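Undergrad: Sharing a model prediction with you, sequence too.
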Amino acid sequence: MSDLQTQKSASRWSMVGKDPYAMPIEEIDLAHPGIWQKNEYLPFLKRLREESPVHYCAKSATGPYWSVMKYKDIMEVDTSPDIYSSEPTIAIVDSFEEFTLPSFIAMDPPKHDHQRRAVQGVVAPLNLKNLESVIRERAVAILDGLPLGVEFDWVEKVSIELTTQMLAILFDFPFEDRRKLTYWSDITTAIPGGGIVETHEERWDALQDCLATFTKLWNDRVNAEPGNDLISMLAHGAATKNMPPMEYLGNLLLLIVGGNDTTRNSITGGVLALDQYPDEYEKLRGDLSLIPNMVSEIIRWQTPLAYMRRSVKVDTVLNGQHIKKGEKVVMWYASGNQDETVIDDPERLIIDRPNARRHLAFGFGLHRCMGNRLAEMQLRVMWEEIMERFGKIEVKSEPKRIYSSFVKGYSELRVMLHAK
């Protein structure tokens, strides 16, 4: 961790090293990234679920906000867009430039519906069926290139590589430049000074490069026959073909981050979870038909995006708490997926868990993750090919986690592969 990150973790807002049960409950602030990077967040979520499931944090570096902690309350917020608006942003902070860019995830109907429909075809059932063989081909090439008995970084060699290759395919983006997509995804959600970009200005310069690159691709596609890639769909879609540049950039970043973070961090999270629960790894070796169910359980266990934020349109009441128009409401998916009243023994990975798909990691309602089936397919195919090749993936050290309360992810996981 950089010196600046250390300072941030030690700031007056940080919860790092604190006992959530020894502090006044009103002082708990889940928004600070420190406890997420240090993997200390679970006891904070548990206390709020037990004692203050709709919790008001009056003092935070992000400004005051409500936290929604329990599964049923999150479902209520996520499926009530007439009360809880996605505008102007789904981020807990109002002033991050990247989240004030217009995109359909931060829009309400009807504009949301029209813009989402323009790109929905990329994950239509027929297209997904055609993509499966491509995913398998890429996964095989990546896994066959890995060393046995030698320590390496799984995040760099596998998780990033597969998701970035798939993003390049979905956008029909120049394959040799595909790591730009990874970089643009990372800086979109990064906190300046957290190790990826140092300033908002540095981030904005990079995003301007992103816009310029994709504008050239747009100009190529808009003058060609409609294709089956995301840029062509945006360029020819009735609701998107006249988007102003910042709205185009906002939707690009949404699609890049959406196609990157869930899959990438769940690929890594699954390796970590099976290492922590060796009995489940043994269960998997004995029955590979559990892989599809295991994929859903990995996504729940990991919950790659910790929260989504809404803004209240009208005065309302949620689980007995009176919330005023204009206030911020944060649905902590990471907490809902740990709710003991809905999910038995939620801190454990249980690969044959009944109803494993009933998790909150993809959201619910009109903003449910558009690419959820694609993410599940990538993870399923990857684990089918892993089990075909390797007897064990051994985790060699604690992972390095991302400095963020939004993205629950990893920057490094050192592993060693063992032959079957």
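TA: All right, it came through fine.
Undergrad: which residues does the closest residue to Ser185 other than its chain neighbours contact?
TA: Using CB to CB, 6 or more residues apart in numbering and skipping residues adjacent in sequence, the residue nearest Ser185 is Asn260, 4.2 Å away. The C-beta positions use only the backbone N, C-alpha and C, and glycine is treated the same way. By CB atoms under 8 Å, 6 or more residues apart in numbering, Asn260 lies in contact with 163-164, 167, 181-182, 185.
Undergrad: can you give me the helices for the stretch 1-150 of the chain?
TA: Ranges of helices in the stretch 1-150 of the chain, per DSSP state H, counting those that start in this stretch, are 3-9, 34-37, 42-51, 71-78, 97-100, 111-119, 125-144.
Undergrad: can you list contacts of the last one?
TA: Contacting residues not belonging to helix 125-144 are listed as 121, 157-158, 161-162, 165-166, 169, 228, 373-374, 377-378, 381-382, 385-386, 389-390 [CB under 8 Å, 6+ apart].
Undergrad: Buried residues of it, list them for me.
TA: By neighbour count on 16 or more other CB atoms under 10 Å, the buried set for helix 125-144 is 128, 131, 135-136, 138-139, 142-143.
Undergrad: dump the residue contacts of the residue nearest to Glu156 when sequence neighbours are not counted.
TA: Among residues not flanking Glu156 along the chain, Glu412 sits closest, at 7.4 Å (CB to CB, 6+ apart). By CB under 8 Å, 6+ apart, the residues touching Glu412 are 153, 155-156, 399-400.
Undergrad: how about 10 Å then?
TA: Glu412 is in contact with 153-156, 268, 397-401, counting by CB atoms under 10 Å, 6 or more residues apart in numbering.
Undergrad: out of those, which is most surrounded?
TA: Greatest neighbour count in the contacts of Glu412, by other CB atoms under 10 Å, goes to Thr268: 26 neighbours.
Undergrad: how close does that residue get to Leu252?
TA: 24 Å (CB to CB, to the nearest Å).
Undergrad: cool, Val312 as well?
TA: In terms of CB to CB, Val312 sits 29 Å off from Leu252.
Undergrad: who's more crowded, those two?
TA: The neighbour count for Val312 versus Leu252, taken as other CB under 10 Å, is higher for Leu252 (27 against 19).
Undergrad: was I right about that one contacting Leu211?
TA: Yes: between Leu252 and Leu211 there is a contact under CB atoms under 10 Å: 7.7 Å.
Undergrad: hang on, the earlier thing: among the contacts of helix 125-144, which are in strands?
TA: Phe390 (DSSP state E).
Undergrad: Among the contacts of helix 125-144, name the buried ones.
TA: Neighbour-count burial (16+ other CB under 10 Å) applied to the contacts of helix 125-144 gives 157-158, 161-162, 165-166, 169, 374, 377-378, 381-382, 385-386, 390.
Undergrad: quick one: which of those residues sit in helices?
TA: If you go by DSSP state H, the buried ones among the contacts of helix 125-144 have 161-162, 165-166, 169, 374, 377-378, 381-382, 385-386 in helices.
Undergrad: and these as CSV, adding pLDDT and distance to Lys18?
TA: Below are these laid out as CSV (pLDDT from 0 to 100; distance: CB to CB, whole Å):
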residue, pLDDT, distance to Lys18
Glu161, 94, 37
Leu162, 93, 37
Gln165, 92, 41
Met166, 90, 40
Ile169, 90, 45
Leu374, 85, 39
Met377, 89, 40
Gln378, 91, 37
Val381, 95, 42
Met382, 96, 37
Glu385, 97, 42
Ile386, 98, 38
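Undergrad: of those, closest to Ser67?
TA: Leu374 (29.9 Å; CB to CB).
Undergrad: how close does that closest one get to Val295?
TA: The value you get for Leu374 to Val295, if CB to CB is used, is 12 Å.
Undergrad: Identify the contacts common to these two.
TA: Common neighbours of Leu374 and Val295 (CB under 10 Å, 6+ apart) do not exist.
Undergrad: any low-confidence regions in this structure?
TA: For the chain, the stretches flagged by pLDDT under 70 are 1-10, 95-108, 111, 113-115, 118, 121-123, 194-195.
Undergrad: Please enumerate the strands of it.
TA: Using DSSP E, the strands of the chain run over 54-57, 65-68, 84-85, 152-153, 307-312, 316-318, 321-323, 328-332, 390-395, 400-401, 410-412, 414-419.
Undergrad: which stretch among these comes nearest Arg264?
TA: Nearest to Arg264, of all the strands of the chain, is strand 410-412, at 8.5 Å by CB to CB.
Undergrad: How far does that closest one sit from its chain's centre?
TA: Centroid displacement of strand 410-412 relative to its chain, using CA atoms, centre = their mean, to the nearest Å, is 14 Å.
Undergrad: what sits against Leu230?
TA: Contacts here follow CB under 10 Å, 6+ apart; on that basis Leu230 touches 118-119, 121-122, 167, 170-173, 214, 217, 221, 251-252, 255-256, 259.
Undergrad: now Met15
TA: By CB under 10 Å, 6+ apart, the residues touching Met15 are 9, 23, 27-36, 38, 40-41, 43-44.
Undergrad: Distance-wise, check it relative to Lys313.
TA: Distance of Met15 to Lys313, given as CB to CB: 30 Å.
Undergrad: Over to Met377?
TA: In terms of CB to CB, Met377 sits 36 Å off from Lys313.
Undergrad: Can you mark which positions in stretch 30-46 are buried?
TA: Buried residues in stretch 30-46, defined by neighbour count with 16+ other CB under 10 Å: 30-38, 41, 44-46.
Undergrad: distance between the ends of that stretch?
TA: Stretch 30-46 has its terminal residues 12 Å apart, counting by CA to CA, to the nearest Å.
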